[in-house]
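Engineer: below is the structure, and that's it, no one-letter string:
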């Protein structure tokens, strides 16, 4: 029996989950055919040894976690488990499988031995399903509902969760219902506060990485405590001995004793919270993949560019960040709350916007002769009969309802009510137009940009008691405009329900119908 065959037999029968570390150190090769470096006192060591059934990793980019996911996934499959590996899109899924997973398998003798010992004539091996040993790995993009149907799953890996289609994640978790050995791992580069991986980390035990300074103080490396110092509006490098010479970089300075410390020295994870979920926060402050000069340069550039600052926080520090002006905030909304209480009905020219969900969220504006918009109805209703009654009571001339997901309702209302149209978002569309099927086509980012502009310019009059209307302000504030680095574009990402924001958007578009048709 060869060494590979003996190891394969051990893995499929005896090796415990904690021995991902042994496989990662000794057998696994990455896509560049290199061994992994996982020192005993480094931050990756305990992550490989963690046997918790629910793990959350809030991380910077290029910190070694992708290889951890690959090792863990392949070994669990070899041991006979079925794994659902979720990535944001099918394009990203295909890229990860072909450029990372497949190359790692090809370069690793151990994985090749496992495949060679598999005598199954119908073994699946493609970018969607890969069989390893006794188990299978299903790779999928998050952006389609069908990907989460029909598979019984033991493990779920969600990679870059902030970029995933959030509405389908609960469906993935349902696939574990029949497993008696289920694990969940959620990983991501954060974007918004209390959204995606940041929200998951906040529910975990929130482990942070601590190093021991020369003075004996245990500290968690922090860019704004140990690298730069703020004085007023200016920032200064804390290392006063730094000479800005080639091939040198500033040292990290302990905030207690003022002496330097080695950010790459051995350390330990410390819990900041009580939870059954094991959570880790990884920053490039203690990762060997980035120099301090690179971090300082990106931070300096970010002081004049909010997109760069967002990437510095998200990608380098592994922290959520909301850029200035990237949200509709309380101040913007309340400056528009100068109108009277909303009337029970209207005889003026009104337009309606409807967002479809479990309930129908409705916005009606009275369009004054001077073109100003005055809110006359903000609430949610239950069905189409309520919509028809409101449409008549407020003398609505035009209305827009989202075409998806409830197409039947949208079509029925557009055929029943004169002036009622549907809206469908079309990514990258630079102009707004209505087709012969009464569907308004518009780019979602551009449309929400217009809503924010409306609030900034006070082009909407809201009732003075807007705070008392349930959910309205929270829905309007739920989305943040962020830069999607993979797609190289801006998009609005919601951190919670946004039904009234979309209803507001449809109401604004309904007003534009007077010029488009």
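Structural biologist: Structure received. All figures in this text were calculated on a predicted structure; none of them were measured in a lab.
Engineer: please enumerate the helices of the stretch 251-400 of the chain.
Structural biologist: Taking DSSP state H, counting those that start in this stretch, the helices of the stretch 251-400 of the chain run over residues 292-302, 306-311, 330-334, 384-393.
Engineer: among those helices, which is the most enclosed?
Structural biologist: Sort those by mean neighbour count, taking mean count of other CB atoms under 10 Å, and helix 306-311 sits at the top with a mean of 18. To be clear about C-beta, it is placed using only N, CA and C from the backbone, and glycine gets the same treatment.
Engineer: if we can go back for a sec, how about the helices of the stretch 251-400 of the chain, which one is nearest residue 134?
Structural biologist: Taking CB to CB, helix 306-311 is the member of the helices of the stretch 251-400 of the chain nearest to residue 134, at 41.6 Å.
Engineer: and that closest one, what does it pack against?
Structural biologist: Identification of packing neighbours for helix 306-311 by 3 or more CB pairs under 8 Å, 6 or more residues apart in numbering; DSSP states H and E yields helix 292-302, strand 479-484.
Engineer: out of those, flag the one nearest residue 385.
Structural biologist: Once these are compared by CB to CB, strand 479-484 is nearest, at 30.2 Å.
Engineer: where in this protein is pLDDT low?
Structural biologist: For the chain, residues meeting the criterion pLDDT under 70 lie at 1-18, 118-125, 146-148, 150, 485-487, 516-517.
Engineer: centroid residue for it?
Structural biologist: The centroid of the chain falls nearest to residue 162 when counting by CA atoms, centre = their mean (0.9 Å).
Engineer: isn't it up against residue 189?
Structural biologist: Yes - between residue 162 and residue 189 a contact is recorded at 6.8 Å, counting by CB atoms under 8 Å.
Engineer: got any residues that touch both of the two?
Structural biologist: Residues touching both residue 162 and residue 189 (CB atoms under 8 Å, 6 or more residues apart in numbering): residue 197.
Engineer: need the helices of the stretch 251-400 of the chain in TSV (columns: distance to residue 503).
Structural biologist: Formatted as TSV, those follow (distance: least, CB to CB, whole Å):
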stretch	distance to residue 503
helix 292-302	35
helix 306-311	28
helix 330-334	15
helix 384-393	12
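Engineer: to residue 370, which of these lies closest?
Structural biologist: helix 330-334 (21.7 Å).
Engineer: now residue 195: closest residue in space, sequence neighbours ignored.
Structural biologist: Spatial nearest neighbour of residue 195, chain neighbours left out: residue 495 (3.8 Å); criterion: CB to CB, 6 or more residues apart in numbering.
Engineer: for burial, what's the neighbour tally of that neighbour?
Structural biologist: Per other CB atoms under 10 Å, the neighbour tally for residue 495 reads 22.
Engineer: what does it show for phi and psi?
Structural biologist: Residue 495 adopts backbone torsions of phi -100, psi 0, taken as degrees, to the nearest 10.
Engineer: kindly report the same for the one 4 residues further on.
Structural biologist: With angles defined as degrees, to the nearest 10, residue 499 sits at phi -60, psi -40.
Engineer: contact partners for it?
Structural biologist: Residues near residue 499 by CB under 8 Å, 6+ apart: 355, 357, 359, 361, 380, 471, 475.
Engineer: that one and residue 378, how far apart?
Structural biologist: In this view, residue 499 and residue 378 are 11 Å apart by CB to CB, to the nearest Å.
Engineer: the helices in the stretch 51-200 of the chain, which residues?
Structural biologist: Ranges of helices in the stretch 51-200 of the chain, per DSSP H, counting those that start in this stretch, are 65-78, 90-96, 102-107, 109-117, 169-174, 196-202.
Engineer: residue contacts, the residue nearest to the centre of the chain?
Structural biologist: Counted by CB under 8 Å, 6+ apart, residue 162 has contacts 188, 189, 190, 191, 192, 195, 196, 197, 198, 493.
Engineer: how about the contacts made by the nearest residue to it once chain neighbours are set aside?
Structural biologist: Once flanking residues are discounted, residue 162 sits nearest to residue 196: 3.5 Å by CB to CB, 6+ apart. Shown in contact with residue 196 (CB under 8 Å, 6+ apart): 161, 162, 164, 166, 188, 190.
Engineer: which residues does residue 423 bridge with?
Structural biologist: Here residue 423 sits in beta bridges with residue 402, residue 440, going by DSSP bridges.
Engineer: go ahead and confirm it touches residue 402.
Structural biologist: Yes - Residue 423 is in contact with residue 402 according to CB under 8 Å; the separation is 5.4 Å.
Engineer: the two - which one has more neighbours?
Structural biologist: Using other CB under 10 Å, the more surrounded residue of residue 423 and residue 402 is residue 423, with 27 against 23.
Engineer: among the helices of the stretch 51-200 of the chain, which comes closest to residue 488?
Structural biologist: The minimum distance between residue 488 and the helices of the stretch 51-200 of the chain falls on helix 90-96, with 13.3 Å, by CB to CB.
Engineer: helices or strands up against that closest one?
Structural biologist: Other helices and strands packing on helix 90-96, by 3+ CB pairs under 8 Å, 6+ apart, are strand 135-141.
Engineer: output the contacting helices and strands for the strand it packs on.
Structural biologist: Judged by 3+ CB pairs under 8 Å, 6+ apart, the packing partners of strand 135-141 are helix 65-78, strand 82-87, helix 90-96, strand 129-132.
Engineer: so which of those gets nearest residue 115?
Structural biologist: Closest approach to residue 115 among those (CB to CB): strand 129-132, 7.4 Å.
Engineer: could I get the contacting residues of the residue nearest to residue 360 when sequence neighbours are not counted?
Structural biologist: Distances taken as CB to CB, 6+ apart put residue 381 closest to residue 360, at 5.0 Å, once the chain neighbours are dropped. When contacts are counted by CB under 8 Å, 6+ apart, residue 381 touches 359, 360, 362, 387, 390.
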